[in-house]
Structures are given as structure tokens and as C-alpha cells.
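>>> Pasting the sequence and the predicted model now:
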Protein chains: 2
Amino acid sequence: MGSTKRPYRETIYKEILTDILEGKINEGEKLLELELATQFNVSRTPIREALLQLEKDGYILLKKNIGAIVKKTSAKQIQEVIEIIGQLESFAVEVVARRGISKEDITYLLDFQLRMEGNAKSKDYNGYVNNNILFHSFFVNKSDNKTLIDIVSGLRNKIYRLISEGSTLPLHIDKYIETHKRIIDAVIENNYKSARMEMEIHLKDFKTFFLDTMLKRGIKYLDGEPAYLNRALDPFVD
Amino acid sequence: MGSTKRPYRETIYKEILTDILEGKINEGEKLLELELATQFNVSRTPIREALLQLEKDGYILLKKNIGAIVKKTSAKQIQEVIEIIGQLESFAVEVVARRGISKEDITYLLDFQLRMEGNAKSKDYNGYVNNNILFHSFFVNKSDNKTLIDIVSGLRNKIYRLISEGSTLPLHIDKYIETHKRIIDAVIENNYKSARMEMEIHLKDFKTFFLDTMLKRGIKYLDGEPAYLNRALDPFVD
DNA sequence: GTATCCACTATTGTATACACGAATTACCTC
DNA sequence: GAGGTAATTCGTGTATACAATAGTGGATAC
């Protein structure tokens, strides 16, 4: 009983998505159903279903008679995403600080803090980035708001593929670690206003830094194409 | 050239979604591919594709060999959604107030204000609700953040079907209209802090009212659990 | 009367076949 | 050689055919 075989579309969806996120499939690349079908050794049907989902996520564009094209990410889009994440994480940290956290959670957070300091000292910037994501996820995950968790994790994915590559992180890492500490302290003290404010500042800072690296890497400010089906029912599209 | 025939899946998706949002298809109802296929006079293929998208939106649950089941909405979920909308609209109004708005936009907003006052006077509560949505959408749509627009419109859809039905709106409508006025004024004066604060208060207020009506209408807080509002779980009990 | 097992049915998952339109190529005209 | 037009190819959109499995109901044993 229980978990019998999952449909192919799910594993295929995940595989293609990770390939996009990890840069194994590049922006602008064309994905053909038949090609993928032979590659995954299935028929076109589950491939189509996976591609349809990827389009809804906003990663590819389905063009009739042409193929599925992996969308480019513009700096503008990155900016939009980071701003929203900033709002939602600030909200999450406020929620958590208001409610207060357990002793275990406190040690968990402080432990993270130590690890990130270690990463900084040993110049393990990849390690830092990974721990950083987990640190930030902590508050969202503790927000007791599943909708929030889903939205933020979706948004994180959108910038994930861009985060690690050659950046000026080393120049900022010490400041970030300090801010993290202030956030943790504020949460421990139930000082939700301060916690929120620190997080807002922290993420505004990160946005500036991140956009900067993006532009230095030559990414265009405007480029990405529209094409979300979501807005179909919104009465106010102009 | 340009827009040739759109794929069936799109129109089918929109139609089924509208039917769910407008309550023509009820929660818990089972949707069968073959049934829908004959109903729409197409094959199962475009139906499946539409259902897949609806599942990704979170409206239905696809169960193998069983069918697609329309999901129930719990009060908890509504609470989550409204809280997030609250954060994002507050952000949007801040952005707009910082940037400032044109003369045309000002008259547009004031015009809305008048119309809603008219709705209140003539007890046209449906009219009020519709104008209210447009009023709130204004700021998001002017935020110059497409990602934000899409997220909020998706979230609005999730509570859309629940908004209009039998409520205690009349008891609160005058207060709401006053708050709207304060928001507009703050935006005109570029007072972004005040604009944001007013919007936050406004939506917190709305959340309380809305959850209240939901629970009075017998909706469960957690699907399957007793129907009381667990204030302890509300992150914003002051 | 009740429990167990088995065959049947309903419904989705997957593969294949067909339809259609866009892009490309080949060909013809001058 | 240039320009335009018909034929071909390529790839998705849609329909249909086949496979697999969860749920159902009925027959059988006791």
C-alpha cells in the first residue's frame, strides 16, 4: 500500500528543473519533446506534462511548432524577486520573534552562526552561501504559514542558479555575519520590531550587492519575456 | 500573423478555474477527465493538461485511478493568504508612495473613493467589494514589479470565491472607507511610512473581520479539526 | 450472517497515431 | 544572382489506443 510508483512527469520535472537551476541547461536553450523523450526513454506524453509545469513556474516558454525555450533572467526580475523575498522574510522573522523560539532553536541558530563564522575564516564561500540559505529559511519555516513557505521557496529557486557564481561576497561577508547576529539577538529577546528592521536592512543590502555582481557579470537589466497564465482572471491588467 | 489559435488547454483551464472560483464547482467535487472531455467536446489530452495546471495552482488534487478532487479551503489557509497579501500590498503602497503618482492617478483614486462611498450609501455591497478589489489592485499594479503582480493576483484568486458571500461587511464598511481615504492622502503626500502603516492596519482589520465571517459560516479552521479560531496561532495578537 | 477472495470496472498513466502550421529548403523565373 | 513561390520537413497540438491499478461487488466457504 501507500506510495506506489510516482508518475514519470514528476521525476522528469524535477530533473529538468535541477538541470536548469544548476546551469546544466542554459538560458535560451531549446528543449524538444522528442529529444527529451528518447533521452528519458519515455514517450512524449510525460515530457509534455513536465514542460507544462516548468512553463507555469516561469522557467521556460512553450512556443507552438518551435519548442520550449529556457527563459533568460533579467536583472530587473532578480531585483523584483529579492525585494519580495525581503518583504516576506522580514514578515517571517517578525512572526517568529513575536511568538518566541525554544531553547533548542536558539542553540540551533547560534550553532549556525558559528559555522558561518568558520566559513568566513576559512574562506569557504560556498559553504557560507549554503549555510546562509538554511539560516534564512529557518524563520520562514518557523512562521507556521505553509503558503509563505511555498512562495518563498519558489522565489529562492528563481535566483538560486545565479547566486553562487563569481561574486564580491568576500567583501561583505563580515558585515553580513554581524547583522545575522543582531537578528538572532533580537529574536531571542522577542524584540520583533528590531528583528524585522534588521532583516529588512540586511536584505536591502544583499539586493544591492547581488544586483551589482549581476550587472558586472554582464546580465541585462531588461530582457525576460512575460507569459504567465496566472493573470488571466485579474480584472486589472493594464 | 501573430496570434493564431490558442491551445484548448488554456481556455479549458480558465473555464474550470472560473467555475471553481465562482462556486459552480464545489469543494470536494470530483472531476473526471472523460466527463470533462465530452463536456468540452475535446479529447482527454487538453483536459489533462488543464487539470495539471490547476493542481499546480493548488485548487485540485490529482489522485491516480480515482480522479481530480477539488480541494477544501481551511480558515487557516485563508489566514495565511490574507497575511501574505497584507505584507505585499503594504510593500506596494510604500513603493508607490515613495515614487509618487500622477495627477491622473490621483483623480482615478479619488473617483474610486467616491464610488465606494456611493456603494456604501446605496447599500450596494457587491459593488463595494468589486471596487475595493480594484482599489487595492491599483497599488500592486503600479508597483512596477511584475513578479509581485502575479503572486498577489494568484493569492487573490484563492480567496476570491469566499469573499462575497453573506458577511458582516455593512458593520465595517464606513471604517474601511475612512481608512482608504487616509491611505490615498498619505500616498498623495508621499508619506510612505504612513501609507504603509495605514495599509497594514487596514488589512489586519480586514483579516479579523474576514476570518470571523468564515468561522460563522461554519468553515473549519484546520480541515478536520473543530471550528474555532485558534487565536494562539494568530501571529498578530497584540 | 460474515469474512475472504477473485474477477470486474472505472479511471488515470503512458504510448502511439494523426493533424496542422511554421520554418526551411528547393526550385523556377527573370 | 535575386526574388518569389511551392514542396518538404520539423515540431507541437490533439485524438486515440493500450497498460496498469485502486476500488467495487459478488460469489463462496464456513
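That came through fine.
>>> Give me the packing partners of whichever strand or helix holds A:Ala195, helices and strands only.
A:Ala195 belongs to helix A:192-216 when elements are defined using DSSP states H and E. Judged by 3 or more Cβ pairs under 8 Å, 6 or more residues apart in numbering or on different chains; DSSP states H and E, the packing partners of helix A:192-216 are helix A:75-99, helix A:146-163, helix A:169-188. The way it works is simple: take the backbone N, C-alpha and C, and place the C-beta from them, glycine included.
>>> pretty sure A:Phe135 is in contact with A:Lys181, am I right?
No: in this structure, A:Phe135 is not within contact of A:Lys181 by Cβ atoms under 8 Å, at 11.1 Å.
>>> out of the two, which sits in the busier spot?
A:Phe135 (19 against 16; other Cβ atoms under 10 Å in any protein chain shown).
>>> For the more buried one, which residues are in contact?
A:Leu109, A:Phe112, A:Met116, A:His180 (Cβ atoms under 8 Å, 6 or more residues apart in numbering or on different chains).
>>> Which pLDDT value goes with the residue nearest to the second one when sequence neighbours are not counted?
Think A:Phe112. Leaving aside its chain neighbours, A:Phe112 sits nearest to A:Phe135 (5.1 Å; criterion: Cβ to Cβ, 6 or more residues apart in numbering or on different chains). Here, the pLDDT recorded for A:Phe135 equals 93.
>>> Pull up the overlap in contacts between A:Phe135 and A:Lys181.
When Cβ under 8 Å, 6+ apart defines a contact, no residue borders A:Phe135 and A:Lys181 alike.
>>> Run the chain-centre distance for the helix or strand where A:Asn131 lies.
In this structure, A:Asn131 sits in helix A:125-141 according to DSSP H and E. Distance of helix A:125-141 from the chain centroid (Cα atoms, centre = their mean, to the nearest Å) equals 11 Å.
>>> ditto for stretch A:195-211
For stretch A:195-211, the distance to the chain centre is 15 Å (Cα atoms, centre = their mean).
>>> swap in stretch A:182-202?
Averaging C-alpha positions (Cα atoms, centre = their mean) puts stretch A:182-202 22 Å from its chain's average.
>>> hmm, who's touching it?
Under Cβ under 8 Å, 6+ apart, the answer for stretch A:182-202 is A:86, A:89-91, A:93-94, A:96-98, A:100-101, A:106, A:109-110, A:113, A:139, A:176, A:179-180.
>>> Check stretch A:203-212 too.
The contact list for stretch A:203-212 (Cβ under 8 Å, 6+ apart) reads A:75, A:78-79, A:82-83, A:85-86, A:89-90, A:159, A:163, A:167-169, A:172, A:175-176, A:179.
>>> Is any residue of stretch A:92-104 near chain B?
Yes: applying Cβ under 8 Å from any Cβ of the partner chain, one finds that stretch A:92-104 is in contact with chain B at A:Glu94, A:Val95, A:Arg98, A:Arg99.
>>> Let me see the residues that make contact with that stretch.
Against stretch A:92-104 from outside (Cβ under 8 Å, 6+ apart): A:109, A:139-140, A:142-145, A:148, A:152, A:183, A:186-188, A:190-193, A:195-196, A:199, B:235-236.
>>> Near the closest residue to A:Thr147 other than its chain neighbours, how many other residues are there?
Once flanking residues are discounted, A:Thr147 sits nearest to B:Glu80: 4.1 Å by Cβ to Cβ, 6+ apart. For B:Glu80, the count of nearby residues is 22 (other Cβ under 10 Å).
>>> same deal with A:Ala37?
17.
>>> and the most centrally placed residue in chain A, what is it in contact with?
By Cα atoms, centre = their mean, chain A has its centre lying nearest to A:Arg156, at 0.9 Å. Neighbour list for A:Arg156: A:Ile85, A:Ile133, A:Ser137 [criterion: Cβ under 8 Å, 6+ apart].
>>> out of those residues, which are buried?
Neighbour-count burial (16 or more other Cβ atoms under 10 Å in any protein chain shown) applied to the contacts of A:Arg156 gives A:Ile85, A:Ser137.
>>> low-confidence ranges in chain A?
For chain A, the stretches with pLDDT under 70 are A:1-4, A:164-168, A:222-238.
>>> For the residue nearest to A:Thr147, give its distance to B:Ile12.
As judged by Cβ to Cβ, to the nearest Å, B:Glu80 and B:Ile12 stand 29 Å apart.
>>> now do A:Tyr160
32 Å.
>>> who's more crowded, these two?
Comparing A:Tyr160 with B:Ile12 by other Cβ under 10 Å, the one with more neighbours is B:Ile12, at 23 against 16.
>>> host element of the more buried one?
In this structure, B:Ile12 sits in helix B:8-21 according to DSSP H and E.
>>> any idea how far A:Glu29 is from A:Asp19?
Here the distance between A:Glu29 and A:Asp19 works out to 10 Å (Cβ to Cβ).
>>> same thing with A:Met197?
The value you get for A:Met197 to A:Asp19, if Cβ to Cβ is used, is 39 Å.
>>> Up against DNA strand D, what does chain A have?
Contacts of chain A with DNA strand D, taken as Cβ under 7 Å from any atom of the strand, map to A:4-5, A:31-34, A:44-45, A:48, A:62-68.
>>> Mind doing that once more with 6 Å?
For chain A, the residues in contact with DNA strand D (Cβ under 6 Å from any atom of the strand) are A:Thr4, A:Lys5, A:Leu32, A:Glu33, A:Leu34, A:Leu62, A:Lys64, A:Asn65, A:Gly67, A:Ala68.
>>> surely the fourth one meets A:Arg48?
Yes: counting by Cβ under 8 Å, A:Arg48 is a contact partner of A:Glu33 at 6.0 Å.
>>> higher neighbour count, these two?
Each of A:Glu33 and A:Arg48 had its neighbours counted (other Cβ under 10 Å), and the higher figure belongs to A:Arg48 (21 against 17).
>>> got the contact list for that one?
Counting by Cβ under 8 Å, 6+ apart, the residues that A:Arg48 touches are A:Glu33, B:Glu49.
>>> Where does it sit: helix, strand or coil?
helix (DSSP: H, G, I helix; E, B strand; the rest coil).
>>> if we can go back for a sec, quick one: which of the contacts of A:Phe135 sit in strands?
Using DSSP state E, no member of those sits in strands.
>>> now, which of those residues lie within helices?
Counting by DSSP state H, the contacts of A:Phe135 place A:Leu109, A:Phe112, A:Met116, A:His180 in helices.
>>> would TSV of the residues you listed with neighbour count be doable?
Shown next, in TSV, are the ones in helices among the contacts of A:Phe135 (neighbours: other Cβ atoms under 10 Å in any protein chain shown):
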residue	neighbour count
A:Leu109	21
A:Phe112	17
A:Met116	24
A:His180	22
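>>> Can you add distance to A:Asn126 and give those back as CSV?
Shown next, in CSV, are the ones in helices among the contacts of A:Phe135 (distance: Cβ to Cβ, whole Å):
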residue, distance to A:Asn126
A:Leu109, 21
A:Phe112, 16
A:Met116, 12
A:His180, 18
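>>> before we move on, the earlier item: which two from the contacts of A:Phe135 end up farthest apart in space?
A:Leu109 and A:Met116 (10.7 Å; Cβ to Cβ).
>>> what residues does the helix or strand harbouring A:Leu34 touch?
Following DSSP H and E, one finds A:Leu34 within helix A:33-40. Residues outside helix A:33-40 that contact it (Cβ under 8 Å, 6+ apart): A:Tyr8, A:Ile12, A:Glu15, A:Ile16, A:Ser43, A:Arg44, A:Pro46, A:Ile47, A:Arg48, A:Leu51, A:Gly67, A:Ala68.
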